[in-house]
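Trainee: build me a structure from this.
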Amino acid sequence: MCGIAGMLSYSKDMRNRNDFVEKISLSLKERGPDDKGEYTTPYISLIHRRLSVIDIENGAQPMRFGNMVIAYNGEIYNTDEIRNELIDCGYSFTGHCDTEVVLKAFHKWREESVKKLNGIFAFAVWNEDEKELFLARDRIGVKPLFYAEKHGVFAFASKIASMLLVPEISSDVDETGLNEIFMLGPARTIGNAVFKDINELAPATYLKYKNGKINIKSYWRLEAHEHVENEAETVEHTRQLVTNAVKRQLISDVPVCTFLSGGLDSSIISAIGSRAAAEHNSRLDTFSVDYIDNDKYFKKSTFQPNKDSDYLDLISGYINSCHRNVVLDNAALATALFESTAARGVPGFTDVDSSLLLFCREVAKTHTVALSGECADEIFGGYPWYHNSEILFEDTFPWSRSTVLRQSILKNGLLPSGDEYVREKYLKTVSDTDFLSSDSTLEKRMREMFRLNLDWFMQTLLMRKDAMSMQSSLEVRVPFCDYRIVEYAYNMPWGIKSLGGREKGVLRKAFEGELPPSIAWRKKSPYPKTHNPAYFNEVCKMVSTVLDDRQCPLSEMLRHEKIKELMMNPDALSEPWYGQLMRVPQVLAYIVQVYYWIKIFNVNFV
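Mentor: Residues are numbered from 1 along each chain as shown. So this is what the prediction gives:
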């Protein structure tokens, strides 16, 4: 995995921008601590930072072939198949890195090459002869890519923070950006990077830039098709797809481990990984995360019915992994809100972000690559809102069903059109959903829920995963995001997907013979959060600083009396701010992250 960036202009000489190139490269250092490279001509500067994973000797970038130069970030899991096809077409290869394969595939098939790639990627190719830049991003949006065009300069980067180092790009945020932060956050509209000047290249799209003109095209979308397999065939097909995706993503020239929570998804991946390690006479390393004194303060809830720690010894012993439980300090968790905000570039998932950052940093001390079970819930119907009929058919985002709390912490009139903004985003996603005329009311709604979760909730988690892991110089792969699994699950009838009336029922059935029954059929439990009041106390201190800082524009945006009311009652909310985990401590932490964000990036509200 890597960090990429670039600046292009047809009127300004990029050779005069060495200082900016160096600053942008340095901003990507955590994403690529092992090597760096630049390619500069009068027209363009391409910047690359490398985290070496595959073909350490031959993967230096930017890489040239003929008249084309690539800056690439990602992993392609069908590299061998594409390489063999290119060899049959007369191409030869100097190494076995996927960068060379992507570059030569683009040389051969141009924009059609992205349709052949199965993996997670964001890359740029500069055509020296045609003076054209090509950008592309993977189907699901696992790897980030941002771009902007202003004052005759086109720029792109893996990080929002890197974009803001381009002199033409401002840190202005308008009402649209505020709506993204306060009405939708920590979610973001696909394509929106909150800052007025910056755009996100959407998943499954590519962009061409030539002579000052931007042309963007989508190359993949979820399409509705009739599901023709019976229950038993579907279960077996699911098992094969998931197993194949995991095995492909275990390939690496550096140590690989897995995140293991004791839940279904991570246990499936770890079990497959453990068997693969055993074939090479080794043991899989697995890691879990917890917090100081969390057992002491844990409280059961509808969303979190039991502790992961109750299951970890069982599953790690069953698969014979070398397991380590990383226990995080609550004060450090609060302090890391600052760095996690800087890494994401916008306010994020509060301690759900900062804990992952600290966790990945510990894992990265011994490993370079990890596999995670994220995204199975969105794809296989794991969340509670798939199974509660009242929430399921409620005509709004199921993980953030009301803006009342959001508006209540803001001064009256700050975002008068906030409700309409949220409503418009919801309706657009629903209207873009593909379905069959034969779909029942339930099946149609499940397709809509699939798209809502894929385009919104999952994107929030993927941005978190990438930003926090890469800030720690750790590559985290997500096998459940294999687009073949996504396509297959989208067309799976709900009665099969929820076999036995259970969340992820088909996935449980597919792997029940490979896991202990109590793991295979364990009720879903979300990513572990801290229950220790020490964290809440730390966050309250931080919020007090926010409210007292009259020099920061955020203080004038907030309704102080409402914030203080939340500080006095950590159990005040009956519904989370967002998802399953963001309750009062996280709402306060989100305010802290907004404050940090304004300070870090010198945000200018316009």
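
Trainee: close enough to count as contact, G212 and Y10?
Mentor: Yes: G212 is within contact range of Y10, at 6.5 Å (criterion: CB atoms under 8 Å). All C-beta spots, glycine's among them, are computed from the backbone N, C-alpha and C.

Trainee: so what's V21 up against?
Mentor: M7, E38, T40, S45, I47 (CB atoms under 8 Å, 6 or more residues apart in numbering).

Trainee: surely it is within a strand?
Mentor: No: membership of V21 in a strand is not supported by DSSP: H, G, I helix; E, B strand; the rest coil, which gives helix.

Trainee: could you check how far it is from C89?
Mentor: Distance of V21 to C89, computed by CB to CB, to the nearest Å: 35 Å.

Trainee: do the same with N569
Mentor: Noted for N569: a distance of 66 Å to C89, by CB to CB.

Trainee: which one of the contacts of V21 sits closest to E362?
Mentor: Closest approach to E362 among these (CB to CB): I47, at 28.9 Å.

Trainee: run me through the strand neighbours of the helix or strand hosting Y72, direction for each.
Mentor: Using DSSP states H and E, Y72 maps to strand 68-76. Applying DSSP bridges, strand 68-76 is found paired with strand 63-65 (antiparallel), strand 119-127 (antiparallel).

Trainee: who touches the longest one?
Mentor: Outside of strand 119-127, the residues within contact range by CB under 8 Å, 6+ apart are 4, 6, 8, 39, 44, 46, 67-78, 98, 102-103, 106, 132-138, 140, 142-145, 156, 158, 201, 477-478, 481.

Trainee: and after it, which helix or strand comes next?
Mentor: Counting by DSSP H and E, the element after strand 119-127 in chain order, helix or strand, is strand 132-137.

Trainee: partners of the helix or strand following that next one, with directions?
Mentor: Using DSSP H and E, the helix or strand that follows strand 132-137 towards the C-terminus is strand 146-150. When pairing is defined by DSSP bridges, strand 146-150 lines up against strand 153-157 (antiparallel), strand 199-200 (antiparallel).

Trainee: hang on, the earlier thing: just the CA atoms of the strand holding Y72, as CSV, please.
Mentor: C-alpha atoms of strand 68-76 as CSV (Å, rounded to 0.1, in the frame of the first residue of the first chain):
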residue,chain,number,x,y,z
MET,A,68,3.3,6.1,-19.7
VAL,A,69,4.1,6.8,-16.1
ILE,A,70,2.1,5.4,-13.1
ALA,A,71,1.7,6.3,-9.5
TYR,A,72,-0.3,3.5,-7.9
ASN,A,73,-1.8,2.6,-4.5
GLY,A,74,-3.4,-0.7,-3.8
GLU,A,75,-3.3,-4.5,-4.2
ILE,A,76,-4.6,-6.5,-7.2
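
Trainee: count of neighbours near A278?
Mentor: 13 (other CB atoms under 10 Å).

Trainee: so what's it up against?
Mentor: A278 neighbours (CB under 8 Å, 6+ apart): N320.

Trainee: R406 too?
Mentor: Neighbouring residues of R406 by CB under 8 Å, 6+ apart: F182, M183, G418, W577.

Trainee: equivalent analysis for D455, please.
Mentor: Applying CB under 8 Å, 6+ apart, the residues near D455 are I190, T429.

Trainee: how far away is it from E132?
Mentor: Taken as CB to CB, the span from D455 to E132 is 29 Å.

Trainee: now swap in A510 and tell me
Mentor: 45 Å.

Trainee: those two: which is more packed in?
Mentor: The neighbour count for A510 versus E132, taken as other CB under 10 Å, is higher for A510 (24 against 15).

Trainee: R522 contacts L264, correct?
Mentor: Yes: R522 is within contact range of L264, at 6.3 Å (criterion: CB under 8 Å).

Trainee: which element is the residue nearest the centre of the chain on?
Mentor: With distances taken as CA atoms, centre = their mean, L462 lies nearest the centre of the chain, 1.2 Å away. Per DSSP H and E: L462 is located in helix 458-471.

Trainee: relative to the whole chain's centre, how far out is whichever helix or strand comes after that helix?
Mentor: The element immediately downstream of helix 458-471 (helix or strand, assigned by DSSP H and E) is strand 475-477. On the basis of CA atoms, centre = their mean, to the nearest Å, strand 475-477 sits 10 Å off its chain's mean C-alpha point.

Trainee: same deal with stretch 96-111?
Mentor: With CA atoms, centre = their mean, you get 25 Å for stretch 96-111.

Trainee: which other helices and strands does the lengthiest helix in the chain contact?
Mentor: Longest helix in the chain by number of residues (criterion: DSSP state H): helix 231-249. Helices and strands touching helix 231-249, by 3 or more CB pairs under 8 Å, 6 or more residues apart in numbering; DSSP states H and E, are helix 264-278, helix 483-490, helix 494-497, helix 505-511.

Trainee: just the mean pLDDT for the helix or strand just after the last one, thanks.
Mentor: In this case it means helix 505-511. From helix 505-511 onward toward the C-terminus, using DSSP H and E, the following helix or strand is helix 517-520. Summarised as a single mean, pLDDT over helix 517-520 is 95.

Trainee: could you pull out the buried residues of helix 517-520?
Mentor: For helix 517-520, the neighbour count (16 or more other CB atoms under 10 Å) marks I519, A520 as buried.

Trainee: likewise stretch 130-148?
Mentor: When burial is assessed from 16+ other CB under 10 Å, stretch 130-148 yields the following buried residues: 133-148.

Trainee: how about stretch 534-552?
Mentor: Neighbour counts using 16+ other CB under 10 Å place A534, Y535, F536, E538, V539, C540, M542, V543, V546, L547, C552 of stretch 534-552 among the buried residues.

Trainee: ok, so of these, who is nearest K365?
Mentor: Closest approach to K365 among the buried residues of stretch 534-552 (CB to CB): Y535, at 23.6 Å.

Trainee: nearest residue to that closest one other than its sequence neighbours?
Mentor: Computed as CB to CB, 6 or more residues apart in numbering, the closest residue to Y535 that is not its neighbour in sequence is N330, at 4.1 Å.

Trainee: measure that neighbour to S354 for me?
Mentor: 11 Å.

Trainee: among the two, which residue is more densely surrounded?
Mentor: With neighbours defined as other CB under 10 Å, N330 and S354 compare such that S354 has more, 27 against 23.

Trainee: verify the contact between the more buried one and L333 for me.
Mentor: Yes: the criterion here is CB under 8 Å, and S354 meets it with L333 at 5.5 Å.

Trainee: report the contact partners of R447.
Mentor: Applying CB under 8 Å, 6+ apart to R447 gives the contacts A224, T433, D434, F435, D439, Y490.

Trainee: adding secondary structure, write those residues out as CSV.
Mentor: Below are those laid out as CSV (three-state DSSP):
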residue, secondary structure
A224, coil
T433, coil
D434, coil
F435, coil
D439, coil
Y490, helix
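
Trainee: so, low pLDDT: which residues of this structure?
Mentor: Applying pLDDT under 70 to the chain picks out residues 1, 54-58, 298-307.

Trainee: one more time with 90, if that's ok
Mentor: By pLDDT under 90, the weakly predicted segments of the chain are 1-2, 32-35, 51-60, 95-97, 251-255, 293-311, 389-390, 523-532, 569-576, 579-582.
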